[in-house]
Structure formats: structure tokens, C-alpha cells
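give me a 3D structure for the following:
(chains A and B)
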Amino acid sequence: MRWFIEDIGGVLIDPRTLIAVSRVEKRGLGEPLIFVVMFSLAIAASIPTPMVMLISMFLPFELATAAYALSLALGLLAGLVLWLVDTALMYVISRLLGGSGSLSEVAAAVGYSYAATWPIALCGLLSLATGWLTEMFLLMVGAAVEIVWRWYVLSHALSEACAYSALRGLLTLVLARIVLLALPVALGLASIAVVLGGALWR
Amino acid sequence: MEVRLVLGLAVFIVALLSIALPPVAYVTSPHRYSFAEWLWKALQEIPGLPPMDMESVKRLGEKQVLHGVSNIVIDAVSSALSVENGPGVCYLYRGSSRVEISGGSASLYIQGGRLLAELTNVSTLAVRGRSSVVTLEEVGVGSLVLDLGSSIARLEDAVVAGNLSAELLNSLLRGRLRLERGVGKVSLNLTNSMLVLELSLPPGTGVDIVEKGVSGCSTRIKAPSCGSGLRCVVIELICRSSVVDIEAASG
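Below you'll find the predicted structure:
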């Protein structure tokens, strides 16, 4: 347990060392997976709670509880899917930028970086005592801290995993985020084009 | 190494608390009630709703008196308070329990997020939770049955308090407690499996408490401060058995 806790602190302070040690010791993806599950659950449990309390006023308690359980499950699922999508995107982009990291090394770097989401979980936790309006403010603060911290962690972790500079690691991260945001827009536009094209063709 | 350990431990604890505490807070938080109050006030501002023609239930947080009703049903699950054979129907409250008051007259109000009822000559009061039933039947005659079931912790908001006259309390308790004057308040707190009788007495009045105990319950008598000029006696019956029948135990 002690090494696990030290790894949480380690990745937040010095991600390069943790990625290097992980690679040398051939740890695999077990520990990053635990990071993803634990911090995804922490966010999924803490953030929706005040909103679910609000919504529960309009629903029978059992139904609201079922919705809450579903939001937990979806939050966990979203964390896992985002891990896979981020890994795939960053692996491809890192290769285009001259990186040499393997897919599992990139996956480990992305997985470990989930530890940096703790400010959001903390703000969600604090909001339990304040209600959902204050939660909105707290979440903005938490998200701001999380973005800065996670980008620091991930850019250095990718730098170590892919054997290129931290600047390229940051570029990889920025490009991956742009693609991730642009992907739904592109899919939507493509769908509209297909529908319109089909209509005109007839 | 120490910095990593301390930071890692702090973040680890935050993560664990973030996973464990919110579901507990969701189940136990009073947020629902404060929002219920807001909802009630918001509903009042919407014209044309059936509850608005009910003269005696005007505003939440203020005691409302319903006289001469034969049956009052508060269905907390569906947020409905219906007054059968009474002045009308209104939506009042949402929680996890159902309160039925039959006969007599009752004063209903919400205080601190809890539904309170002051009863006068009420023949039946029943609080029905998801899986347990608390029935205070024929108050004027003296029969009290508590069926606390096995899911007491689920009934955190099923709290009913009724102010009873000395005469009714004496009838209810059948020789266990003699109250000459003053008023009493009985509250059933299902969360703690607790029946609490609070008696507020003017100076000079007497109260004769017979400590025989109640089958299935432990009895504790407390005397808290009760404001200026009043004596207070609080009797707590902490019941662990599934059924407590005070009438049967009082013999």
C-alpha cells in the first residue's frame, strides 16, 4: 500500500521518475488502471451528488437513487473510455511528433495522470456542505487547478514515455484535446452532409 | 520521499472520501427538505393550482390549522396532502413516509424540515414508511403500537410530533404517568427508534411518573431546560423490539 500511495504523490510531483521506474520494472497497466478507476469514481461520486439531491425532489426516492447509481456507473465508464480514447489519440500524435513510446507506455502515462484530477474531487467533496450553487463556483476553481496540474503531469509523463521534450509532450496533449473536441463536431457535420447529400441525390 | 508520501496520502484520502461520503450524504442529507420548502413556496406563486383554494393551508413554515376534517392523508412519496371530506386537496410534502390522521382536528406545519402535527381528539395517526409502520391508534382511548420493523435506518425523515393535551396523554399512558395540567408533546423518531414524550408544565403542577418500563424498550427520564417558568420532563423510550404495546405493558 505504501508504494501505491507514494506513486500517487510521485506522479503529482515528479511524473518523469514514476514513468521511468514503471517502464524499468515492467509494471504494466494494472496500477494506471487502478488510478483511472479510483479517480473516475471519486469525481463521479462527488460532483453529481448535490444535483442529484436537487433532482430527487421531483422523483420518487428509489428512482432518484437508481439515477444516482446510474450516474456513478456512467462516470466510471466515461473515465475508462476517455482513458482509451486519450491513449489512442496521444499515441498517434506522439508518433507524428517523433516520439518513440509504445502504446502501453502512453496508456500508463495517461492513466497515472488521472491522479491530478484530485482538485475536482476535493471541490465536489466540499460542495456537499454548501449546496449545488456554490458547487458550480467550487468546480470552476477545482477545474482550473486540475487543468494546470494535469497538463504539467501529462506533458512530462508523455515526454518520458515517448522520449522527446516536455514541450512536445505538451503539444501532443493540446493537439489531442483539439481533436477530441473537434471529433463530435466533425461527426455531426459529416452526418448532416450525408443526410443532405442523400436528400439531394433523390 | 516523505513529500511524496504525505501528498500521496492526502490525495488518496481525498479520493476515498470522495467515493464514500457523497452516497452517504445523499441518503442522509436534509437538502431535500429545504428544497421542498422552496418548492412549496414556488408552487404557491403559480395561479390556478387546486391547493391554492385551501384557505387553512397558506404558507409553509407557518402553523396551519385544519378543523373538522374527518381524514387527512399526507402521501409524502407522491408529494400530496389530501384532506378527505375536508376543505380541499393540496400538494405539500415529499419524503419517504406517509402520514394518516383520522378524526378530530389537526394542526400541520413544517419546522426544521420535519412535518409536525398538533392533534386534538384524533382517533388514528399512522406513519407509514417504506417497510415499517408506526401506528398511534385511538389516542383518546390509550393504545399505542409501534412496529419499527427492520429498516429503521431507511426512515430518517419519518418524524411526526404531535402536541397532546394532558387529558389525552393521561389516557394514552394509562397510569404510567399522571399529568395534572399543562401540555405534552409526543414525537416518534424512527431514525433512532425512539419515542420521546416531552411535557411542559407550568409551575406548581404535579407530575407523577411510574417507572415500570415498557416491554421491549429501555426507559430514560431526562429533565432538560424548558424555557422560563416551565418544568419539563422528557421520557425517552428506546425500543429495539419490533412491536411495543404500551397499553399491554402498563398493566
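
so what's residue 75 scoring on pLDDT?
Chain wasn't specified; assuming chain A. Looking at residue A:75, its pLDDT stands at 88.

you looked at the wrong chain, it should be chain B
pLDDT, residue B:75: 41.

helix, strand, or coil at the residue in chain A that chain B sits nearest to?
Nearest residue of chain A to chain B (CB to the nearest CB) works out as residue A:9 at 3.0 Å. C-beta: built from backbone N, CA, C; applies to glycine. Secondary structure assignment for residue A:9 (DSSP: H, G, I helix; E, B strand; the rest coil): helix.

swap in residue A:129?
With three-state DSSP as the criterion, residue A:129 reads coil.

over to residue A:101?
Residue A:101 is classified as coil under three-state DSSP.

quickly check: the helix or strand hosting residue A:142 near chain B or not.
Counting by DSSP states H and E, the element that carries residue A:142 is helix A:132-162. No: if you take CB under 8 Å from any CB of the partner chain as the test, helix A:132-162 misses chain B, and the best it gets is 8.6 Å.

buried ones in that helix?
For helix A:132-162, the neighbour count (16 or more other CB atoms under 10 Å in any protein chain shown) marks A:132, A:135, A:138-139, A:142, A:145-146, A:149-162 as buried.

just stretch A:22-34 next, same as before
Neighbour-count burial for stretch A:22-34, with 16+ other CB under 10 Å as criterion, is recorded at A:22, A:23, A:29, A:31, A:32, A:33.

pick out the most distant pair among those residues.
Greatest spacing in these, by CB to CB: A:23 and A:33 (16.4 Å).

hang on, the earlier thing: list the helices and strands the helix holding residue A:142 packs on?
Where contact means 3 or more CB pairs under 8 Å, 6 or more residues apart in numbering or on different chains; DSSP states H and E, helix A:132-162 is packed against helix A:2-13, helix A:15-24, helix A:48-55, helix A:61-96, helix A:103-112, helix A:118-127, helix A:166-201.

thinking again about what came up before, the residue of chain A closest to chain B reaches residue B:11, doesn't it?
Yes: counting by CB atoms under 8 Å, residue A:9 touches residue B:11, with 7.0 Å between them.

contact partners for the residue of chain B at minimum distance from chain A?
As assessed by CB to the nearest CB, chain A sits closest to residue B:8 within chain B, at 3.0 Å. Residue B:8 makes contact with A:4, A:5, A:6, A:7, A:8, A:9, A:10, A:12 under the criterion CB atoms under 8 Å, 6 or more residues apart in numbering or on different chains.

on the pLDDT front, check it for me.
Turning to residue B:8, the model gives it a pLDDT of 89.

pull the contacting residues for the residue nearest to it when sequence neighbours are not counted.
Counting by CB to CB, 6 or more residues apart in numbering or on different chains, residue B:8 lies nearest to residue A:9, which is 3.0 Å off, once chain neighbours are set aside. By CB under 8 Å, 6+ apart, the residues touching residue A:9 are B:3, B:4, B:5, B:6, B:7, B:8, B:9, B:11.

give me the element the last one is part of.
Using DSSP H and E, the element containing residue B:11 is helix B:2-28.

buried ones in that helix?
In helix B:2-28, counting by 16+ other CB under 10 Å, buried: B:4-5, B:7-8, B:10-12, B:14-15, B:17-19, B:21-23, B:25-26.

tell me the angle of that helix relative to helix A:118-127?
Orientation of helix B:2-28 against helix A:118-127 (axes from the mean of the first three to the mean of the last three CA atoms, to 10 degrees) gives an angle of 40 degrees.

do you know the pLDDT at the closest residue to residue A:6 other than its chain neighbours?
Nearest residue to residue A:6, sequence neighbours excluded (CB to CB, 6+ apart): residue B:4, at 4.9 Å. Looking at residue B:4, its pLDDT reads 83.

do the same with the one 10 residues further on
Reading off the per-residue confidence, residue B:14 sits at a pLDDT of 89.

average pLDDT across the helix holding residue A:142?
Across helix A:132-162, the average pLDDT comes to 86.

what of stretch A:166-180?
91.

hmm, back to that, for residue A:2, see how far away the residue of chain A closest to chain B is.
11 Å (CB to CB, to the nearest Å).

so what sits against both of those two?
Shared contacts of residue A:9 and residue A:2 (CB under 8 Å, 6+ apart): residue B:5.

for the chain, give me the ranges with low pLDDT.
Because you didn't say which chain, this covers chain A. Low-confidence segments of chain A (pLDDT under 70): A:50-51, A:53-63, A:130-133, A:202.

actually, chain B is the one I wanted.
Looking at chain B by pLDDT under 70, you get B:1, B:27-251.

residues contacting the closest residue to residue A:166 other than its chain neighbours?
Leaving aside its sequence neighbours, residue A:166 sits nearest to residue A:159 (CB to CB, 6+ apart; 4.3 Å). Neighbouring residues of residue A:159 by CB under 8 Å, 6+ apart: A:16, A:165, A:166, A:168, A:169.

what of residue A:10?
Counting by CB under 8 Å, 6+ apart, residue A:10 has contacts A:17, A:18, B:4, B:8.

swap in 10 Å and give it another go.
Residue A:10 makes contact with A:3, A:16-19, A:21, A:112, A:115, B:1, B:3-5, B:7-8 under the criterion CB atoms under 10 Å, 6 or more residues apart in numbering or on different chains.

try residue A:86
Contacts of residue A:86 by CB under 10 Å, 6+ apart are A:106, A:107, A:109, A:110, A:111, A:113, A:114, A:154, A:173, A:176, A:177, A:180.

does the third one really touch residue A:101, like I thought?
Yes: counting by CB atoms under 10 Å, residue A:109 does reach residue A:101; the two are 7.6 Å apart.
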